[in-house]
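Engineer: Structure for the following, please:
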Amino acid sequence: MKELVTAFEQLKARNSERDKRMREVALIRSGNADQVFRGVFPEGAWSKPIIANMIDVVARDLSEQIGVLPTITAAGDSSLDDSQRTKADKRTKIANYYVASSRLGTELLRGADQLVTYGFVPLRVEPSFKDKRPHIHVENSMGAYYDMDRFGEVNVYARLYHRKAGDLAAHFPEFADQILQAGAFQKGDPNTLLQVVRWTDKTRTVMFLPDRGGLTLASTPNKIGRVPVAIAVRPSLDGEQRGQFDDVLPVYAAKARLALLTMEAVQKSVEAPLALPNDVTQLSVGPDSVIRSNSPEKIRRINLDVPQFAFAENNVLADEMKMGTRFPQARAGQSEGSIVTGQGVKALMGGFDTQIKTAHSMFARGFTELLALALKVDEKIFGMQEKELKGIYNGTPYDIKYKP
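Structural biologist: Coordinates of the predicted model:
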């Protein structure tokens, strides 16, 4: 299995820059900007940004608009051939059964979030032997690696996990000693995190451990002859997978840092030292305190003014964030005073709607390949088993029997 370990390491190395961008975006969205921009935020109570996480807000808003389950229908010559129309209607119900059983109505929201954030999302089909049907997974983009040919077909798909050695040894007791690296005179550490790779190509699916010299935990032949994975990818100039927020992370950090500096300036201004005339010999502190002086007008705090350009810079950074994330002001309930008509607001929302339409077109292509793969898995794995499906399509209950 050393050749698989080498192939995986090469595939991972080619995507090292992509992985770095994905980790940074994930840390920013989880509120850990200090781990990405070290030295920008002070240590202590104010080590986290004190502004709204606009990147996370925009990503969630976009994913809620994009992650709507599409209408799924099978193509058929409905105008000329009744037989073809009947078959297409049955295929439509079967495909919708796959979608409903896989709970894609909710899973697609997570997939849309990853498409926006990371630039791609893998959709995988595997057989569910318990229910005797194909099951569709919306997989996490983090740790997913794939290789496509020039026609857009996936040749290799690898998924990287991290699991504790003790958990793996419990699931695969026949390899427990090798997983734990235990021998006659030593006992392995069950809390050691190991890399687990699920490698799928056109001939087989293999699960192995790169940290244990490519130890194979499981292997099964690929009966459909195709990698059962469809990839929805955002378009890019150079073919690299880039999320929508890769370029605005420094802007967000600068805005968060400026907010901390403004707060520090306000705090120092409030806590500035008092300037007292020479005749004041006693200083009373607290509410309703009295300070006796012949020149009370000279008693004041020393002015520590906040520079006006700081507020201007804050507005500039806010505009840059909106421009970089392509998030219109109208979406946040803000609009220019001159915009008083519905058409004006619609014009402001044009860029936002374009993003949703583009993402829908990417998902449409991915879903077309995905459902074709699901039908193929059903045919190759459960082909000779007669099935009965019950459900509701377009508000009408149905009950059909079929052999894949």
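Engineer: can you map out the helices along the stretch 201-350 of the chain?
Structural biologist: Using DSSP state H, counting those that start in this stretch, the helices of the stretch 201-350 of the chain run over 249-270, 308-325, 342-348, 350-382.
Engineer: Oops, could you answer that again for the stretch 1-150 of the chain instead?
Structural biologist: Using DSSP H, counting those that start in this stretch, helices in the stretch 1-150 of the chain cover 2-14, 16-29, 33-36, 54-66, 82-101, 104-118.
Engineer: Show me what the longest one packs onto, helices and strands only.
Structural biologist: Counting contacts by 3 or more Cβ pairs under 8 Å, 6 or more residues apart in numbering; DSSP states H and E, helix 82-101 is packed against strand 133-138, helix 350-382, strand 387-393, strand 396-402. To be clear about C-beta, it is placed using only N, CA and C from the backbone, and glycine gets the same treatment.
Engineer: which one of those is the most hemmed in?
Structural biologist: strand 133-138 (a mean of 22; mean count of other Cβ atoms under 10 Å).
Engineer: looking at the helices of the stretch 201-350 of the chain, which is closest to residue 168?
Structural biologist: helix 350-382 (26.5 Å; Cβ to Cβ).
Engineer: what mean pLDDT does the closest one have?
Structural biologist: Mean per-residue pLDDT for helix 350-382: 85.
Engineer: could we number from 8 for the rest of this?
Structural biologist: Done: numbering now begins at 8, and the last item shifts to helix 357-389.
Engineer: Show me how far it is from its chain's centre.
Structural biologist: Helix 357-389 sits 18 Å away from the centroid of its parent chain (Cα atoms, centre = their mean, to the nearest Å).
Engineer: so where's the stretch 208-357 of the chain uncertain?
Structural biologist: The stretch 208-357 of the chain contains residues with pLDDT under 70 at 313, 336-357.
Engineer: can I get the helices and strands packed on helix 89-108 in a markdown table with distance to residue 223?
Structural biologist: Below are these laid out as a markdown table (distance: least, Cβ to Cβ, whole Å):
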| stretch | distance to residue 223 |
| --- | --- |
| strand 140-145 | 22 |
| helix 357-389 | 22 |
| strand 394-400 | 33 |
| strand 403-409 | 37 |
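Engineer: Out of those, which is closest to residue 71?
Structural biologist: From those, taking Cβ to Cβ, the stretch that ends up closest is helix 357-389, at 10.2 Å.
Engineer: Against which helices or strands is the closest one packed?
Structural biologist: By 3+ Cβ pairs under 8 Å, 6+ apart, helix 357-389 packs against helix 61-73, helix 89-108, helix 111-125, strand 127-135, strand 140-145, strand 236-240.
Engineer: Of the ones you listed, which is nearest residue 219?
Structural biologist: Of all the helices and strands packed on helix 357-389, strand 127-135 comes closest under Cβ to Cβ, at 24.4 Å.
Engineer: thinking again about what came up before, and residue 224, which of the helices of the stretch 8-157 of the chain is closest to it?
Structural biologist: Of the helices of the stretch 8-157 of the chain, the one closest to residue 224 (Cβ to Cβ) turns out to be helix 9-21, at 12.3 Å.
Engineer: Can you point out the buried residues in that closest one?
Structural biologist: Neighbour counts over helix 9-21 (16 or more other Cβ atoms under 10 Å) mark 11, 12, 15, 18, 19 as buried.
Engineer: Tell me if I'm right that the last one and residue 153 touch.
Structural biologist: In this case it means residue 19. No: under the criterion of Cβ atoms under 8 Å, residue 19 is not in contact with residue 153, lying 11.4 Å apart.
Engineer: what do these two both touch?
Structural biologist: Shared contacts of residue 19 and residue 153, defined by Cβ atoms under 8 Å, 6 or more residues apart in numbering, comprise residue 165.
Engineer: related to what we said a few turns ago, tell me which of the helices of the stretch 8-157 of the chain sits most buried.
Structural biologist: Buried most deeply of those, by mean count of other Cβ under 10 Å, is helix 111-125, with a mean of 21.
Engineer: quick one: that helix to chain centroid distance?
Structural biologist: Using Cα atoms, centre = their mean, the mean C-alpha position of helix 111-125 is found 7 Å from that of the whole chain.
Engineer: With stretch 117-131 instead?
Structural biologist: For stretch 117-131, the distance to the chain centre is 6 Å (Cα atoms, centre = their mean).
Engineer: picking that back up, and the helices of the stretch 8-157 of the chain: which comes nearest residue 230?
Structural biologist: Nearest to residue 230, of these and by Cβ to Cβ, is helix 89-108 at 17.7 Å.
Engineer: what comes into contact with that closest one?
Structural biologist: Residues contacting helix 89-108 (Cβ under 8 Å, 6+ apart): 76, 79-85, 112, 138, 140-143, 378, 381-382, 385, 396, 398, 400, 405, 407, 409.
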